[in-house]
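Student: Generate coordinates for the sequence data below:
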Amino acid sequence: MLPPARRLALGLHLPLSLALAPRLRVSSIRRVSALLAVIVALGVFWAAPRHARATGLNVERLRLNPDDDGLHGGLSLGVDFQAGNVNLFDLNTSASVAWRRDAHLLFLIGNSKFATRTKAIDGGTLDGLFEDQARYINRANLHLRYNYDFLDWLTAEAFSQVERDEFLLVASRVLTGAGPRFVPLRRDNLSLAVGTAWMLEYEALDPQRVVSPLPAQTLVHRWSSYLTLMVVHDERVSFRSTTYVQPRFDRLADLRLMSEGELSVELFDPVSIQILAKLRWDTQPSTYCSGDVALDGCASADRVQLRELDVTIENNISVRF
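Tutor: Next up is the predicted model:
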């Protein structure tokens, strides 16, 4: 949840980046300009350079659920730059906007990460930062979701998402789906939410590098379910965990799982730290060709399978004032 109006959240993503995430509760005159700023930010991160298995976006962690009617949103931008023996450029962008009226809630969220690196010991230069071989992260997500609250504990959801990840060979992944969301437990210090949905998924892998699966474009039906747990120990310590499971209806062994856990601890007002752990598991990762593909296909020695499991741990320091 974004910070209250007239409060500014300043996140320090180590080693160096600044993120601004003000909550937008604006007058009708400023509302249009605020919305345009969010849309421009979304367009910037999606237009980042691209050449492009499941990249994954944890909507629950980014979910906007304002209590008040009207327009709400936030922007975030992080830039790391280093020059010398190691040249580095790292760009993180994210934006979110939500509109609520009574039981209706519509929100759009997105984020991207683009990073390049060159080393003097390998002959790399500062000018070479934006050459293809220097790039090692290039991914983006954009998610649109509509909620209708039937009851305090029952919500209908419809969603659509587009994403890409060059280094998971995902040139484009588009999905749409709908289903119910249940909140069986909601207390001051503990909440539990469960969602389940039918999901139609179109995935286009990089045809110049993918060896399997073939064809590189697929259209499948998946069963997407998630569970979110939020525990607030006190005003200083909180924990959130979300797990997604997405098997194919016609091939249950083709399973994708994504789990995130975030621990937030306030050291002293207004400084807090966050520790975020992510796990992504794909039971049927793609196989690609590390060398040039000849007319008769990819040589056996050049065939490399992506790893089934990815694990990420992030540390952040936040200052609010």
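
Student: From the chain's centroid, how far away is the strand or helix carrying R181?
Tutor: If you go by DSSP states H and E, R181 is part of strand 170-186. Taking Cα atoms, centre = their mean, to the nearest Å, one finds the center of strand 170-186 at 13 Å from the center of the full chain.

Student: Now it: buried residues?
Tutor: 170-171, 173, 175-177, 179, 181, 183 (16 or more other Cβ atoms under 10 Å). No exception for glycine: its C-beta is placed from N, CA and C like everyone else's.

Student: any weak-confidence spans in this structure?
Tutor: 1-64, 293-295, 319-321 (pLDDT under 70).

Student: Strand partners (parallel or antiparallel) of the strand holding R181?
Tutor: Using DSSP bridges, the strands paired with strand 170-186 are strand 154-165 (antiparallel), strand 190-205 (antiparallel).

Student: Just after the longest one, pick out the following helix or strand.
Tutor: This points to strand 190-205. strand 210-212.

Student: Next SSE downstream of that next one?
Tutor: Scanning forward in sequence from strand 210-212 by DSSP H and E, the next helix or strand is strand 217-232.

Student: quick one: buried residues of that next one?
Tutor: By neighbour count with 16+ other Cβ under 10 Å, strand 217-232 contains the buried residues 222-230, 232.

Student: what do you get for stretch 83-103?
Tutor: Applying 16+ other Cβ under 10 Å to stretch 83-103 flags 87-100 as buried.

Student: what's the answer for stretch 275-287, then?
Tutor: Neighbour count says stretch 275-287 has 276, 278, 280-282, 284-287 buried, by 16+ other Cβ under 10 Å.

Student: quick one: contacts of it?
Tutor: 53-54, 56, 58, 168-169, 205, 210-213, 253-263, 303-316 (Cβ atoms under 8 Å, 6 or more residues apart in numbering).

Student: Mind giving me the PyMOL select for these, buried ones only?
Tutor: The following PyMOL line selects those of these that are buried, judged by 16+ other Cβ under 10 Å:
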select buried, resi 53+54+56+58+168+169+205+210+211+213+254+255+256+257+258+259+260+261+262+310+316
